[in-house]
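> Here's a sequence, model it:
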Amino acid sequence: MRLRILVLTLLMVLVLSVLANASTSIPSGLDESATEGSEKFKSMNVNEYKNFGYDNSEQMLSASLGEGFRIYIIDYEKLEGNKKDKFIDVIVPTNQWQFIVETNGKPASFLRVEESEGKFEAILFGGDARYFSGAINRFKNEKKSAPILIMDGNKFYILYQGPNNQELIMNIPSPSEVNRGIIDQFTDATAFLENLKKQQHNYKLNGSGEQLYGNGGLDITLQPQPIEEDKGFNKLYLLLGLLIASVVILKIKD
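Numbers count the residues shown, from 1 in each chain. Model prediction:
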């Protein structure tokens, strides 16, 4: 009996681990390509270190790659037709990842990596990652969960999925927003979602277009593109099969 309980417990932990990490895992080869891209960007632009937020060329050259996150975006067609009132139902994964670049262990700037036809390429470098990193760390410390990074125009948010279908959305303030007193804070995702729906509806009525924030002034060719989500179902089915097989085996042993 004890053996059965132990086996079932271990398998359930394994299944839950797959579910928790299926949508946030880093693909093979991404870290290597991001590191290579970061080194190339630094060597090509070292004389322009001030434009990338560094005090001197040595500081820029010593910068190293930190944590990376897949970027999700809001699918506005799903938003319009969403009846479940869940934020997770209206976001889709994209072909881009946002990395934090660090200097002496502290966040400095960003590196954006894009996947195209199975290959990874660094496409953007620079910016101020201090407040972005601070929001990510606060989220992980408070929620003990992998962040789901959402980009909408030039704004970033983090989605939290908690127990009992709880959803919270955290605003990641830009440096200019911090200067205006805007901080990273959690908001009820249901209310945030309803507000997005209302604003989108008003924009359509005003003939201002379907997207709420547009592309934020960024080059549209660099914007994240949605991809078909790999939810790790093959691994999940394998684990569930192992779970069923273990139950049968232990039952036979009884």
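> where in the protein is pLDDT low?
Within the chain, the stretches with pLDDT under 70 are 1-25, 82-85, 201-223, 228-254.
> Quick one: the strands in this protein, in order.
64-74, 91-103, 106-116, 119-126, 148-152, 155-161, 167-172, 186-188 (DSSP state E).
> What are the buried residues along the second one?
Within strand 91-103, the residues that qualify as buried are 91, 93-103, counting by 16 or more other Cβ atoms under 10 Å. C-betas here are computed from N, CA, C, even on glycine.
> Ile73: which of those residues is nearest?
Thr94 (5.6 Å; Cβ to Cβ).
> Do I have it right that that closest one meets Pro224?
Yes. Shown here, Thr94 and Pro224 form a contact pair, counting by Cβ atoms under 8 Å, at 3.4 Å.
> who touches both of the two?
Counting by Cβ atoms under 8 Å, 6 or more residues apart in numbering, the common neighbours of Thr94 and Pro224 are 71, 73, 151.
> What's opposite the second one in the beta bridge?
Read that as Ile73. Listed by DSSP bridges, the beta-bridge partners for Ile73 are Val92.
> Is Arg138 in contact with Asp184, as I believe?
Yes. In this structure, Arg138 is within contact of Asp184 by Cβ under 8 Å, at 6.3 Å.
> of those two, who's got more company?
Asp184 (19 against 16; other Cβ atoms under 10 Å).
> Return the member of the buried residues of strand 91-103 nearest to Gln59.
Once Cβ to Cβ is applied, the member of the buried residues of strand 91-103 that ends up nearest Gln59 is Thr103, at 5.6 Å.
> Double-check that closest one against Ser62; I have them as touching.
Yes. Judged on Cβ under 8 Å, Thr103 makes contact with Ser62 at a distance of 6.3 Å.
> Show me how the record splits the protein into domains.
1-22+231-254, 23-230 (automatic domain parsing).
> which residues sit in contact with the closest residue to Ile148 other than its chain neighbours?
The shortest distance from Ile148 to any non-neighbouring residue, by Cβ to Cβ, 6 or more residues apart in numbering, is to Leu159 (4.2 Å). By Cβ under 8 Å, 6+ apart, the contact set of Leu159 is 72, 87-88, 91, 147-148, 150, 167-170, 189.
> Ile71 now?
Contacts of Ile71 by Cβ under 8 Å, 6+ apart are 93-94, 96-98, 149-151, 224.
> could the strands of the chain be laid out in CSV, adding distance to Tyr49?
Formatted as CSV, the strands of the chain follow (distance: least, Cβ to Cβ, whole Å):
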stretch, distance to Tyr49
strand 64-74, 15
strand 91-103, 11
strand 106-116, 10
strand 119-126, 10
strand 148-152, 26
strand 155-161, 25
strand 167-172, 25
strand 186-188, 36
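> which one of those strands lies closest to Val46?
strand 119-126 (11.5 Å).
> Could you tell me the angle between that closest one and strand 106-116?
140 degrees (axes from the mean of the first three to the mean of the last three Cα atoms, to 10 degrees).
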